[in-house]
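Student: predicted model follows, preceded by the sequence.
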Amino acid sequence: MEGSPLIESLRKAVDAAPQDVPLRLHLAGLLLDAGCGAEAISHLGLVLAADPTCTEALDLMQRAVSGGGAIRPAAAAAACSPGPAAPAPQAQRAGEPDLEAFDWEAAARDLGEALPPMFLDGDDEQLTEPAFDVEAVSTVRLDDVGGMAEVKKRLEAAFLAPLRNPELRRLYGKSLKGGLLLYGPPGCGKTFIARAIAGELGAAFFSVTLADVLDMYIGQSERNLSEIFATARRHAPCVLFLDEVDAIGQRRSQLRSNSLRGTVNQLLSELDGVGAQNDGVFVLAATNAPWDVDVALRRPGRLDRTVLVLPPDQCAREAILRHHLKGRPVAKIDLAAAAKRTEGYSGADLAHVCETAAERALLDSAVSGTVRMIEMRDVEAALHEVRPSAGPWLESARNVALFANEAGAYDDLLDYLKKRKLL
């Protein structure tokens, strides 16, 4: 078949249609029959580069390397090549490996024994380590939280008292599973409260953010949520804190992406404890926008208890100022007067006031060359510079409390706005 018109026609056809795999394979088979192994291998290599699993190409390649289409000497190969004869191969250089004599199958076996398997069976019980980090027991206690008496009362009834009194819990049939939704302006201590609850219980604290859940690949976000709850169950009693839950559990009626809908559905399923019990897993969720949270997340058995975390009252503001000034050189600071002047300030705002006052005293000391204490004048200057940050949130919340207070869900927010004369 060497130099046959059929091979010449197929060569031209393959040049004209290089993507035609069956045509190229047919040509390779004829070339092997004609003894043109080198050219056949080049065509087979192109096919296998595009599709390594092509059975026909693999069979032909095996035939070529096993001798069924052995490469002919240069003179014979030149006779069946379409163009001028290829130059004779150079002699093997000193130190170079003999590729034809190399045992590729033995190398593949050795490599397969050295590398671990790339995939594991989904039922493998050896994967027991948590996929996410669980923090050690927090040292923060509820006593460290200034004010918020109503919030502490709700937390005590929901989880703390039943956990401390197991006999009473069994008597009254109180379950430790459940959820609590903390909402309010940013910077008012929702995350700090969650850490204090974990410290009060001597329980592990597991904080979950948006980045821990959402993934660009379809189905991976749901799998992340499943692993998060599985890790929490293994570490029970555990406080599972879902920060910015409105981003993870957004109203499905507002979602255009089916993947995000699946994430919300998975969260609902995990909160119900489908396939596993959530006993000992207390779910705390925090949000600045509870009106954006899917209504199904707030039904009984899920995040069924809601607590409004407001800017601290005067007593709490004084405690917060004292905490942030502790350990700094202070003198002649009237904390009661400062707390009275900071109505509407969040905990984060008060921390910023203390930081600004300390910064002012530091710069003054650096300029004068004489170290001085942080004084009331520094605090007053800081109060003129730092303004309350909760205003925009309260303005948005005002509209919700007035026009979207379904079934009295935001009555406590409405009472606060009336008290502050913001209605």
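Tutor: Yep, that arrived.

Student: what segments of the stretch 201-350 of the chain are strands?
Tutor: 204-208, 238-242, 281-287, 305-308 (DSSP state E, counting those that start in this stretch).

Student: out of these, nearest to residue 184?
Tutor: When the strands of the stretch 201-350 of the chain are compared by C-beta to C-beta, strand 305-308 sits nearest residue 184, at 5.5 Å. C-beta: built from backbone N, CA, C; applies to glycine.

Student: just checking: what are the partner strands of that closest one?
Tutor: Partners of strand 305-308 in the sheet, by DSSP bridges, are strand 178-183 (parallel).

Student: related to what we said a few turns ago, as TSV, the strands of the stretch 201-350 of the chain with mean pLDDT and distance to residue 230 would be great.
Tutor: Formatted as TSV, those follow (pLDDT from 0 to 100; distance: least, C-beta to C-beta, whole Å):
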stretch	mean pLDDT	distance to residue 230
strand 204-208	84	11
strand 238-242	86	11
strand 281-287	88	10
strand 305-308	84	24
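
Student: right, and those strands - which one's nearest residue 383?
Tutor: When the strands of the stretch 201-350 of the chain are compared (using C-beta to C-beta), the closest one is strand 305-308, at 25.8 Å.

Student: please parse this structure into its domains.
Tutor: Domain assignment for the chain, taken from automatic domain parsing, gives 1-81, 142-308, 314-385.

Student: contact partners for residue 315?
Tutor: 146, 147, 339 (C-beta atoms under 8 Å, 6 or more residues apart in numbering).

Student: so which of these wins on neighbours?
Tutor: Using other C-beta atoms under 10 Å as the neighbour test, those are led by residue 339, with 22 neighbours.

Student: of the contacts of residue 315, which is the nearest to residue 161?
Tutor: Of all those, residue 161 sits closest to residue 147, with 20.4 Å by C-beta to C-beta.

Student: quick check: closest non-adjacent residue to the closest one.
Tutor: Distances taken as C-beta to C-beta, 6 or more residues apart in numbering place residue 316 nearest to residue 147, at 2.6 Å, with adjacent residues excluded.

Student: residue 148 is in contact with the one you found, correct?
Tutor: Yes - between residue 316 and residue 148 a contact is recorded at 6.7 Å, counting by C-beta atoms under 8 Å.

Student: in TSV: the domains of the chain, plus distance to residue 408.
Tutor: Putting the domains of the chain into TSV (distance: least, C-beta to C-beta, whole Å) gives the following:
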stretch	distance to residue 408
domain 1-81	63
domain 142-308	11
domain 314-385	25
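
Student: of all those, which lies closest to residue 395?
Tutor: With C-beta to C-beta as the yardstick, what comes closest out of the domains of the chain is domain 142-308 (10.7 Å).

Student: show me where pLDDT drops low in the protein?
Tutor: 1-3, 66-139, 176-178, 274-276 (pLDDT under 70).

Student: residue 15: neighbour count?
Tutor: 9.

Student: which element, helix or strand, includes it?
Tutor: Assigned by DSSP states H and E, residue 15 belongs to helix 5-16.

Student: what's the first helix or strand after that helix?
Tutor: helix 21-33.

Student: enumerate the positions of that following helix that are buried.
Tutor: By neighbour count on 16 or more other C-beta atoms under 10 Å, the buried set for helix 21-33 is 21, 23, 24, 25, 26, 27, 28, 29, 30, 31, 32.

Student: likewise stretch 182-196?
Tutor: Neighbour-count burial for stretch 182-196 [16+ other C-beta under 10 Å]: 182-185, 187-190, 192-196.

Student: again, but for stretch 300-315
Tutor: Applying 16+ other C-beta under 10 Å to stretch 300-315 flags 302, 303, 305, 306, 307, 308, 309, 310, 311, 312 as buried.

Student: now those in JSON lines, with distance to residue 171?
Tutor: As requested, these are exported to JSON lines (distance: C-beta to C-beta, whole Å):
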{"residue": "302", "distance to residue 171": "25"}
{"residue": "303", "distance to residue 171": "26"}
{"residue": "305", "distance to residue 171": "21"}
{"residue": "306", "distance to residue 171": "27"}
{"residue": "307", "distance to residue 171": "26"}
{"residue": "308", "distance to residue 171": "31"}
{"residue": "309", "distance to residue 171": "32"}
{"residue": "310", "distance to residue 171": "35"}
{"residue": "311", "distance to residue 171": "39"}
{"residue": "312", "distance to residue 171": "37"}
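
Student: nearest to residue 60 among the residues you listed?
Tutor: Using C-beta to C-beta, the buried residues of stretch 300-315 come closest to residue 60 at residue 302, 61.0 Å.

Student: from memory that closest one sits against residue 272, does it?
Tutor: Yes - contact criterion C-beta under 8 Å: residue 302 and residue 272 qualify, at 7.1 Å.

Student: what's the biggest helix in the chain, counting residues?
Tutor: helix 347-368 (DSSP state H).

Student: may I have stretch 39-50 as PDB, with CA atoms only?
Tutor: C-alpha atoms of stretch 39-50 as PDB (Å, rounded to 0.1, in the frame of the first residue of the first chain):
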ATOM      1  CA  GLU A  39       3.500   9.100  10.500                       C
ATOM      2  CA  ALA A  40       0.700   7.000  11.900                       C
ATOM      3  CA  ILE A  41       1.900   7.700  15.500                       C
ATOM      4  CA  SER A  42       2.000  11.400  14.800                       C
ATOM      5  CA  HIS A  43      -1.700  11.300  13.700                       C
ATOM      6  CA  LEU A  44      -2.700   9.200  16.700                       C
ATOM      7  CA  GLY A  45      -0.900  11.500  19.000                       C
ATOM      8  CA  LEU A  46      -3.000  14.500  17.800                       C
ATOM      9  CA  VAL A  47      -6.200  12.400  18.400                       C
ATOM     10  CA  LEU A  48      -5.200  11.400  21.900                       C
ATOM     11  CA  ALA A  49      -4.100  14.900  22.800                       C
ATOM     12  CA  ALA A  50      -7.700  16.000  22.200                       C
END
